[in-house]
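Visitor: output the structure for:
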Amino acid sequence: MKHTAVAAALALFAAGAAQAQGVAYAIDPTHTFVTFEVRHFGTSTVRGRFDRAQGSVALDKAARTGRADITIETASINSGIAAFDAHLKNKDFFDASVHPAARFVAERFEFDGDKVATVPGALTLLGKTLPVTLRATNFNCYDNPRIKREVCGGDFETTIQRSQWGMTFGLPGIPDNVRLVIQIEAAKQ
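Guide: Modelled structure (predicted):
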């Protein structure tokens, strides 16, 4: 329904200028999803997710710095109901044929000790870019025994007002506030 563009979804982790000190991580698309939640006319909560996201992250744990660049394919929206997905993809919501991607870019991470706490960045959705800050509710790095590399990731969330990006269909019956929840894992390159 809303964006995940950050969601996009939440485009997370892009290698960049601080690359000399940072380590590049590639997003694992099998463990990275942007989900959304919005109330439906004051009754139930509608949920869905974007099934396809890609991007990269640069992370320097010692210097407590990071960068992210994540792109979410808007046509990959999946509510579990095909007819609803088709409506979400049309001009009332994501206009996926005109705006096939949402993108989240962050030039820095904020840490609490050795853990990522927030990721302030910019979300581009429907051709408009606005500031969005993702709050980490979980963050960890571990040595993945299967791929034999370090993997870092966590759960991040924010609430956005969809009307700021011009997504006004159904207001006020369908609320303006959309909760975005991003699960992400990225493997060290």
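Visitor: distance of N138 relative to R162?
Guide: Spatial separation of N138 from R162 under the definition CB to CB, to the nearest Å is 25 Å. Heads up, the C-betas are built off the backbone N, CA and C, glycines and all.
Visitor: between the two, which one's more packed in?
Guide: The residue with the greater number of neighbours, taking N138 and R162 and applying other CB atoms under 10 Å, is R162; the counts read 24 against 12.
Visitor: okay, buried residues for stretch 104-119 please.
Guide: Within stretch 104-119, the residues that qualify as buried by neighbour count (16 or more other CB atoms under 10 Å) are 104-107, 109-111, 116, 118-119.
Visitor: for the record, mean pLDDT for it?
Guide: The pLDDT scores in stretch 104-119 average 95.
Visitor: so how far is that stretch off the chain centroid?
Guide: Using CA atoms, centre = their mean, to the nearest Å, the distance from the centre of stretch 104-119 to the centre of the chain it belongs to is 14 Å.
Visitor: swap in stretch 113-124?
Guide: Relative to the mean C-alpha coordinate of its chain, stretch 113-124 is positioned 11 Å out (CA atoms, centre = their mean).
Visitor: you'd agree L88 is in a helix?
Guide: Yes: the assignment for L88 by DSSP: H, G, I helix; E, B strand; the rest coil puts it in a helix.
Visitor: what is the burial count for it?
Guide: The burial metric for L88, expressed as a neighbour count using other CB under 10 Å, is 23.
Visitor: ok, and the closest non-adjacent residue to L130?
Guide: Taking CB to CB, 6 or more residues apart in numbering as the measure, L130 lies nearest to Q164, with 5.7 Å between them; neighbours along the chain are not counted.
Visitor: tell me if the one you found really is in a helix.
Guide: Yes: assessed with three-state DSSP, Q164 lies in a helix.
Visitor: need the buried residues of stretch 104-119 in JSON lines with secondary structure, can you?
Guide: Written out in JSON lines, the entries for those read as follows (three-state DSSP):
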{"residue": "F104", "secondary structure": "strand"}
{"residue": "V105", "secondary structure": "strand"}
{"residue": "A106", "secondary structure": "strand"}
{"residue": "E107", "secondary structure": "coil"}
{"residue": "F109", "secondary structure": "coil"}
{"residue": "E110", "secondary structure": "strand"}
{"residue": "F111", "secondary structure": "strand"}
{"residue": "V116", "secondary structure": "strand"}
{"residue": "T118", "secondary structure": "strand"}
{"residue": "V119", "secondary structure": "strand"}
